[in-house]
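Chemist: prediction below, plus the sequence it came from.
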Amino acid sequence: MSSIELEHTFEKINEFYSQGENEKVIENLDNILEIDPNNLVAIRNKGIILVNLNKYEKAIEFIDRALENNPNDQLMLSRKGFSLQLLGEYQAALDCINQALEIEPNNLVAIRNKGIILVNLNKYEKAIEFIDRALENNPNDTENLIAKGIALELLGKHNDAIVFYEDALKIDKNDSEMFSNIGFQIIQLGGYENAIPYFDIALKSNPENLDATAGKKLALDFLKNSE
């Protein structure tokens, strides 16, 4: 493939990427890698696209190849951390994110992911520090609002958790899980009767929400036994 053909292929790749046609991006990257297996631009981009396609294990293979060439590539470190996070390998994910933050302390993607990873590692107070930094940049980041709600809930700060679950509901008014979460916080605060409407809304939005079903039963049983 000549340099002109290579340039044209990358132009097509950029066009497909901007249109969200990730499979076509992969196809064209593979064409380049067939001819030039060590093309670092193609290797790096394939890792990114595979993350977008939720093919995390395969993505890590290409990300690692890119990191062999440049161990300080903070974008690749962040993508690897994100992939490991979604594979449930939280400590390994944290190690990657910390590497990215050593290189660029204000890497917003890494900051965002670190807060969520720390929640999964049960380091709730430290998680909140990073979640707050992410929310300063994007106050409407639903995933971080929920993550902070979970961290506060598990710290026993149920009133505070409700605030962040309600903020998440402002963005997605039909989130069955958030109504259920609020119901459980109200139960923790002793408001069994007041929790029931939240479970009802959760079940109206998603009749298969097992947590809401269990929460409503818990509240009704408590009220019945208290008569």
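Modeler: Received the coordinates, thanks.
Chemist: what sits closest to Asp64 if chain neighbours are left out?
Modeler: Of all residues not flanking Asp64 in the chain, Lys80 sits nearest, at 7.4 Å (Cβ to Cβ, 6 or more residues apart in numbering). For every residue, glycine as well, the C-beta is placed using N, CA and C.
Chemist: over to Tyr17?
Modeler: Once chain neighbours are set aside, the closest to Tyr17 by Cβ to Cβ, 6+ apart is Val25, at 5.2 Å.
Chemist: what's downstream of the helix or strand containing the residue nearest to Asp64, the next helix or strand?
Modeler: Taking DSSP states H and E as the criterion, Lys80 maps to helix 74-86. Downstream of helix 74-86, the first helix or strand assigned by DSSP H and E is helix 90-103.
Chemist: buried ones in the very next helix or strand once past that next one, by neighbour count?
Modeler: Once helix 90-103 ends, the next helix or strand along the chain (criterion: DSSP H and E) is helix 108-120. Neighbour counts over helix 108-120 (16 or more other Cβ atoms under 10 Å) mark Val109, Ala110, Ile111, Arg112, Asn113, Lys114, Gly115, Ile116, Ile117, Leu118, Val119, Asn120 as buried.
Chemist: outside of helix 108-120, which residues touch it?
Modeler: 74-75, 77-78, 81-82, 85, 90, 93-94, 97-98, 100-101, 104, 124, 126-134, 137, 141, 143-144, 147-148, 150-151 (Cβ atoms under 8 Å, 6 or more residues apart in numbering).
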